[in-house]
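Asker: here you go, sequence then predicted model.
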Amino acid sequence: MKITGAVLETSGATRPYSGSRPISICEVELAEPGPQEVLIKIEAAGVCHSDLSVVNGDRPRPLPMLLGHEAAGLVVALGSEVTDLAVGQRVVTVFLPRCGHCANCRTNGKLPCSAGTESNGAGSLLGGTQALSRDGDTVWHHVGVSGFATHAVLHRNSLVAVGHDVPPAVAAVLGCAVLTGGGAVINAGKPQSGDTIAVVGLGGVGMAALLVAAAIAPAGDEPASIIAVDANPDKFPLALELGATQVHTPADIEALGLRADVVIEAAGHPRAFETAVRITAPGGTTVTVGLPAPGALASIDPLGMTAEARTIIGSYLGSAVPAHDIPKYEQLWRDGRLPVERLTSSVIPLEQINEAMDALSDGQAIRQIITFD
């Protein structure tokens, strides 16, 4: 079938992308779903730094590639071996499919699936299949999703079903920003009652981490201490609305000598990582979920790590098993404890995708949501 999608033609283009326009909106051929695959109609997709990292060249991928990995849609058709989904069901896309059989899958989310990682790097669906082409040539899949399009074919393991009461824009963000930021707090950081939590970097993932930290905070007379840290003070009002009890720039928090028991680094920059490590309290845990450019280096004080018995943990996709974790966030949203809608900074058409990458690169957006008629 013919679909319309946002195809990255070249990476590392000159900014602004609104001028160089490395992403074209074009017609692409989408194959029928294979036995273990599902055809979905995309309803909403979020624009994430992981998309930008392919556009700016930080994450080299085969080109041309149909971008987008944070999306939600409706099931249109099922492969012959898919028996646990139904046509018309709303689903959330997951950018790291899990085969369920490899040694990494047996770590309960700590390590990314080996087969899923391999297929993502190759620009294919799980299992090595391809469903996209243009004029007879392959158009590569973005991390098994390619959600910046009217329709997509995905492996069954790249989808998690949600209720129809979950709006598409909310459902989409559950699959990346909330799964990654929330999982960094719950699965990797594992804060205990009374712990102070800090989030360094207030993009979509960092703001989602704030939301989840506030949602799991125990009720009581004294509010949980949640510190939001970003170099851009314009983000502070929203951070306070989402649950932060304090907001600081990196320089200010270090000058004040404030430290936290669990620190989430969500900026993807070496200096942010260094800040996160320095403000981690004795006995505390630094969780890094940001994805810096390959080869980027950070400097830390190993003596401080040893003398203060601190821990650094890497967390990819929130150390999550999406099929188990997404329903938990879905219920928190349904209970009114996780206002994911607040993460939406703007709603845009697919045709504005190049401009959306500029806004993201300039730090002007939390989550821009692409909607489809």
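Answerer: Structure's in. What do you need?

Asker: from here on, contacts and neighbour counts on C-alpha atoms
Answerer: Noted.

Asker: mind checking how far stretch 360-370 is from the chain centre?
Answerer: Put simply, stretch 360-370 sits 13 Å off its chain's centre (CA atoms, centre = their mean, to the nearest Å).

Asker: same question, stretch 253-269
Answerer: 20 Å.

Asker: report the buried residues of that stretch.
Answerer: 253, 259-269 (16 or more other CA atoms under 10 Å).

Asker: can you redo the residues you listed as JSON lines with distance to Val277, pLDDT and secondary structure?
Answerer: JSON lines is the format used below for the buried residues of stretch 253-269 (distance: CA to CA, whole Å; pLDDT from 0 to 100; DSSP: H, G, I helix; E, B strand; the rest coil):
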{"residue": "Ile253", "distance to Val277": "12", "pLDDT": "96", "secondary structure": "helix"}
{"residue": "Arg259", "distance to Val277": "10", "pLDDT": "97", "secondary structure": "coil"}
{"residue": "Ala260", "distance to Val277": "10", "pLDDT": "97", "secondary structure": "strand"}
{"residue": "Asp261", "distance to Val277": "11", "pLDDT": "97", "secondary structure": "strand"}
{"residue": "Val262", "distance to Val277": "10", "pLDDT": "97", "secondary structure": "strand"}
{"residue": "Val263", "distance to Val277": "8", "pLDDT": "98", "secondary structure": "strand"}
{"residue": "Ile264", "distance to Val277": "9", "pLDDT": "98", "secondary structure": "strand"}
{"residue": "Glu265", "distance to Val277": "9", "pLDDT": "98", "secondary structure": "strand"}
{"residue": "Ala266", "distance to Val277": "12", "pLDDT": "97", "secondary structure": "coil"}
{"residue": "Ala267", "distance to Val277": "13", "pLDDT": "95", "secondary structure": "coil"}
{"residue": "Gly268", "distance to Val277": "13", "pLDDT": "92", "secondary structure": "coil"}
{"residue": "His269", "distance to Val277": "13", "pLDDT": "94", "secondary structure": "coil"}
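
Asker: tell me the one of those nearest Glu70?
Answerer: Ala266 (16.9 Å; CA to CA).

Asker: need the contact list for Tyr17.
Answerer: 354-355, 357-358 (CA atoms under 8 Å, 6 or more residues apart in numbering).

Asker: how about the nearest residue to Gly147 once chain neighbours are set aside, phi and psi?
Answerer: Of all residues not flanking Gly147 in the chain, Gly68 sits nearest, at 4.3 Å (CA to CA, 6 or more residues apart in numbering). Phi and psi for Gly68, reported as degrees, to the nearest 10, are phi 100, psi 130.

Asker: contacts for the helix or strand where Glu355 lies?
Answerer: Remark: Glu355 resides in helix 353-361, with elements defined by DSSP states H and E. Contact partners of helix 353-361, identified using CA under 8 Å, 6+ apart, comprise 6, 15-18, 21-23, 47-49, 52, 365-366, 368.

Asker: can you tell me which of the residues you listed are buried?
Answerer: 6, 16-18, 21-23, 47-49, 52, 365-366, 368.

Asker: ok so, going back, between the contacts of helix 353-361, which is nearest Ala209?
Answerer: Using CA to CA, those come closest to Ala209 at Ile366, 12.5 Å.

Asker: contacting residues for Asn187?
Answerer: When contacts are counted by CA under 8 Å, 6+ apart, Asn187 touches 318-320.

Asker: can you pick the most crowded of those residues?
Answerer: Counting neighbours by other CA atoms under 10 Å, Gly318 leads the contacts of Asn187 with 30 neighbours.
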